[in-house]
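1. Pasting the sequence and the predicted coordinates here, then a few questions.
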Amino acid sequence: MEKRIIYQVFPRIFGNMAKTRRKNGSIAENGSGKFSAFTPAVLSGIRENGYTHIWYTGVLEHATQTDYTAYGIAKDHHAVVKGQAGSPYAVKDYYDVDPDLADCVPCRMQEFEALIRRTHGAGMKVIIDFVPNHVARGYRSDARPVTVHDLGEHDNVFTDFDPNNNFYYLPGQTLVLHFDAEQEDFEYSEFPARATGNDCFHPSPGRSDWYETVKLNYGVDCLHGRKCCFDPVPDTWRKMLDILLFWAGKGVDGFRCDMAEMVPVEFWSWVIPEVKSRRDVCFIAEIYRPELYREYIRRGHFDCLYDKVGLYDTLRDVICGRQRADSITRRWQEVEDIRPHMLAFLENHDEQRIASDFFAGDARAGFPGMIVAAALDVNPVMVYSGQELGEPGMDEEGFSGRDGRTTIFDYWSLDCLQNLLLDGRRLTEAQQSLHRSYAQLMRLAATEPAIRRGAFFDLMYANADNRFFNSRHLYAFMRKYRGDVILAVVNFDRNAAPTVRVRIPSEAFATLRIADNRAAVLTDLFTGQQTVGTLTAACPYGLSVPAYSGRLLRFRYDGGAPSAGAPEPDDYAPANGALLPSCISSSFL
């Protein structure tokens with residue numbers, strides 16, 4: 001199995017060359033990116049930077065304030081749309097794509113299919129969102145196959161729960177929006193009211209609720225003790241399977257499953273094998289409850305889970321000086337048995353930008369965290385477009401506001417992405433430098449055998465009392481595959497560490513099966529500089545580490561890395577867990 005290196009893009013913003021950026025501006029004023037912005041040259045450039053997958057965020061047709069009735073698309077009531085462009089997670093047709101992203105609206109599906117082909121042609125796989133927990137309040141599919149019944153089409157609206165209803169109802173009650181929602185010539189009407197997407201079973205959701213969405217019913221009686229009615233298979237399950245197979249049939253290679261933990265694991269246990277038995281696709285779960293991780297992997301069959309509550313939160317705290325670097329050890333230990341499944345990241349569309357005033361205020365400060373995220377283990381890793389350019393996310397776009405995030409609700413564009421696409425030389429020197437660093441790191445993550453599939457050894461326990469190693473700001477570990485050993489030392493401090501001495505214990509040599517004090521070809525993977533080096537337990541290894549960066553030093557012993565196409569047998573000998581529970585991981589691919 002490959003190490004997935006994912007590039008997340010928000011097409012509505014990526015490729016949007018408009019300069020107006022009017023707060024709460026319409027698509028006519030502020031423009032929108034298009035599928036066509038991802039030209040073969042652009043996609044080849046992304047691939048050359050090491051990425052194996054692209055997550056095209058917000059592809060499915062969703063509720064919007066833009067009027068597309070001329071193209072046979074029903075108009076959405078403004079009271080249940082967030083922002084001019086609308087939330088991409090308020091899907092209003094599972095079988096269609098966002099018309100904002102098409103050059104020719106009637107040809108929007110063909111344009112997306114062409115994008116899939118271009119992406120595959122560039123050597124990458126396509127991931128899109130699957131939003132299973134909720135849909136837009138105005139959901140109605142006009143693009144579904146003729147053999148498919150629409151959601152809610154045959155629901156019994158006179159009962160709050162029926163296993164074969166697609167929605168939950170509040171019989172006899174009308175939906176009331178008490179907050180100052182934008183209204184049109186007539187108020188939004190919904191009777192009977194349906195439960196709101198964030199499990200709000202009340203006819204009057206508040207502003208902080210997901211009021212623009214309605215929750216889907218997977219056979220769980222949420223109002224009466226959460227009784228599960230899964231036999232026979234609920235109607236919603238079968239409709240979701242049809243949707244997944246529809247997109248997989250178009251060549252989509254994976255699904256990022258929004259709020260997967262809000263959908264019963266029994267559904268995933270049923271649907272993912274059904275899909276995988278017919279198509280080779282991956283499933284990524286957005287999930288924030290660690291107590292559910294193993295269940296959603298082992299029973300739910302997910303390939304990857306968000307590593308938000310563990311690694312992301314810890315790396316963010318280390319970057320911001322709220323935790324010590326040695327706290328990273330505890331985070332990987334907590335998920336050591338499922339580490340290959342944990343998707344590491346420092347930015348996505350939900351999180352604040354590293355360079356924002358709400359995070360680090362300096363994009364460079366996040367780079368050591370990305371070294372850890374990308375090189376710590378065989379786990380997948382993700383970068384959000386603009387992150388590699390230091391985008392601060394400090395615009396006040398409209399519904400989103402100045403919150404340190406790049407809006408998903410408004411029509412907007414970013415200077416850094418425009419300059420990258422027009423001519424990379426338009427970027428500032430700092431942006432160019434950061435972009436080169438990210439590209440180099442992602443290429444290493446994708447190509448270095450010891451990073452892609454090697455064993456891992458944490459060096460922090462051996463340096464806890466080392467006065468030449470500041471565990472508050474430095475984090476060190478080793479990776480090993482066949483004849484390659486990588487010593488990684490990461491510096492989270494704004495100041496360089498010129499005289500670091502890293503202790504490498506004898507257990508590391510025994511566990512990784514490395515000869516102590518043996519000469520090797522030493523390559524600094526960031527600079528390319530080569531020399532001869534040795535590692536030994538008898539003497540700490542001395543090096544300097546730049547500020548906000550790290551060193552990846554590869555020691556290549558006789559035999560080296562396997563040649564292309566050669567078989568790659570396991571070369572990892574598990575250590576005695578009773579002796580070394582806190583420093584080694586046997587995860588490898």
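-> Structure's in. What do you need?
2. need the helix or strand of the chain with the lowest average pLDDT.
-> Sorted by mean pLDDT, DSSP states H and E, the helices and strands of the chain end with strand 584-585, the least confident at a mean of 46.
3. any idea which helix is longest in the protein?
-> If you go by DSSP state H, the chain has its longest helix at helix 429-447.
4. what's it packed up against?
-> Identification of packing neighbours for helix 429-447 by 3 or more C-beta pairs under 8 Å, 6 or more residues apart in numbering; DSSP states H and E yields strand 5-9, helix 367-375, strand 381-384, helix 415-422, helix 449-453. Yep, even glycine has a C-beta here, placed from its N, CA and C like the rest.
5. now with 10 Å?
-> strand 5-9, helix 40-48, helix 367-375, strand 381-384, helix 415-422, helix 449-453, strand 549-556 (3 or more C-beta pairs under 10 Å, 6 or more residues apart in numbering; DSSP states H and E).
6. Could you give me the buried positions within it?
-> 431-432, 434-435, 437-446 (16 or more other C-beta atoms under 10 Å).
7. Kindly report the same for stretch 333-353.
-> In stretch 333-353, counting by 16+ other C-beta under 10 Å, buried: 333-335, 338-349, 351-353.
8. re the thing from before, check the offset of the longest helix of the chain from the chain's centre.
-> 18 Å (C-alpha atoms, centre = their mean, to the nearest Å).
9. Ok, stretch 437-456 next?
-> 18 Å.
10. what are the C-alpha coordinates of that stretch, in PDB please?
-> What follows is stretch 437-456 as a C-alpha-only set of coordinates in PDB (Å, rounded to 0.1, in the frame of the first residue of the first chain):
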ATOM      1  CA  SER A 437      10.500  23.500   1.200                       C
ATOM      2  CA  TYR A 438       7.000  21.900   1.100                       C
ATOM      3  CA  ALA A 439       7.600  20.500  -2.400                       C
ATOM      4  CA  GLN A 440      10.900  19.000  -1.300                       C
ATOM      5  CA  LEU A 441       9.400  17.500   1.900                       C
ATOM      6  CA  MET A 442       6.400  16.000   0.100                       C
ATOM      7  CA  ARG A 443       8.700  14.500  -2.600                       C
ATOM      8  CA  LEU A 444      10.800  12.900   0.100                       C
ATOM      9  CA  ALA A 445       7.700  11.500   1.800                       C
ATOM     10  CA  ALA A 446       6.600  10.000  -1.500                       C
ATOM     11  CA  THR A 447       9.900   8.600  -2.700                       C
ATOM     12  CA  GLU A 448      12.200   7.800   0.200                       C
ATOM     13  CA  PRO A 449      11.700   4.100   1.100                       C
ATOM     14  CA  ALA A 450      12.600   4.600   4.800                       C
ATOM     15  CA  ILE A 451       9.900   7.300   5.100                       C
ATOM     16  CA  ARG A 452       7.300   5.600   2.900                       C
ATOM     17  CA  ARG A 453       7.500   2.100   4.500                       C
ATOM     18  CA  GLY A 454      10.300   2.000   7.100                       C
ATOM     19  CA  ALA A 455      10.300   1.100  10.800                       C
ATOM     20  CA  PHE A 456      10.200   4.000  13.300                       C
END
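11. Report the mean confidence score over that stretch.
-> Stretch 437-456 comes out with an average pLDDT of 97.
12. Of the helices and strands packed on helix 429-447, which is nearest His149?
-> Taking C-beta to C-beta, strand 5-9 is the member of the helices and strands packed on helix 429-447 nearest to His149, at 33.1 Å.
13. what's the angle from that closest one to helix 40-48?
-> For strand 5-9 against helix 40-48, the angle by axes from the mean of the first three to the mean of the last three C-alpha atoms, to 10 degrees is 140 degrees.
14. Next, the buried residues of the very next helix or strand once past strand 5-9.
-> Heading C-terminal from strand 5-9, the first helix or strand you meet, by DSSP states H and E, is helix 27-30. Of all the residues in helix 27-30, those buried under the rule 16+ other C-beta under 10 Å are 27, 30.
15. what does stretch 457-467 give?
-> 457-463, 466.
16. Give the full set of residues in contact with the residue nearest in space to the middle of the chain.
-> With distances taken as C-alpha atoms, centre = their mean, Met382 lies nearest the centre of the chain, 5.5 Å away. Taking C-beta atoms under 10 Å, 6 or more residues apart in numbering as the criterion, Met382 is in contact with 4-8, 51, 53, 55, 127, 256, 284, 304, 306-307, 343-348, 373-374.
17. Read off the pLDDT value for it.
-> 98.
18. hey, what's it bridged with?
-> Ile6, Phe345 (DSSP bridges).
19. What separation do you get for it and Ala488?
-> Note on Met382: its distance to Ala488, by C-beta to C-beta, to the nearest Å, is 19 Å.
20. One more: Lys215?
-> Distance from Lys215 to Ala488, by C-beta to C-beta: 44 Å.
21. between those two, which one's more packed in?
-> Ala488 (24 against 21; other C-beta atoms under 10 Å).
22. Next up, phi/psi of Ala476, please.
-> phi -130, psi 140 (degrees, to the nearest 10).
23. Quick one: residues contacting it.
-> 325-326, 457-460, 462-463, 466, 469, 487-490, 500, 502-504, 541, 543, 545, 550-551 are the contacts of Ala476 under C-beta under 10 Å, 6+ apart.
24. can you check Ala462 too?
-> 469, 476, 502-508, 537, 540, 583 are the contacts of Ala462 under C-beta under 10 Å, 6+ apart.
25. Show me what counts as buried in stretch 108-121.
-> Quick answer for stretch 108-121 (16+ other C-beta under 10 Å): 108, 111-112, 115-116, 118-119.
26. likewise stretch 12-31?
-> 12-16, 18, 21, 24-25, 27, 30-31.
27. how about the helices in the stretch 451-589 of the chain?
-> 506-512 (DSSP state H, counting those that start in this stretch).
28. For it, give me the ranges with low pLDDT.
-> Counting by pLDDT under 70, the stretch 451-589 of the chain has low-confidence residues at 559-589.
29. can you do 50?
-> Applying pLDDT under 50 to the stretch 451-589 of the chain picks out residues 561-582, 584-589.
30. and what of the stretch 251-400 of the chain?
-> In the stretch 251-400 of the chain (pLDDT under 50), no residue qualifies.
31. Chain neighbours aside, what residue packs nearest to Ala18?
-> Gly31 (3.0 Å; C-beta to C-beta, 6 or more residues apart in numbering).
32. which residues does the residue lying closest to Tyr541 once chain neighbours are set aside contact?
-> Distances taken as C-beta to C-beta, 6+ apart put Val502 closest to Tyr541, at 4.8 Å, once the chain neighbours are dropped. Under the criterion of C-beta under 10 Å, 6+ apart, the neighbours of Val502 are 459, 462-463, 466, 468-469, 474, 476, 478, 487-489, 535, 540-543, 545, 551.
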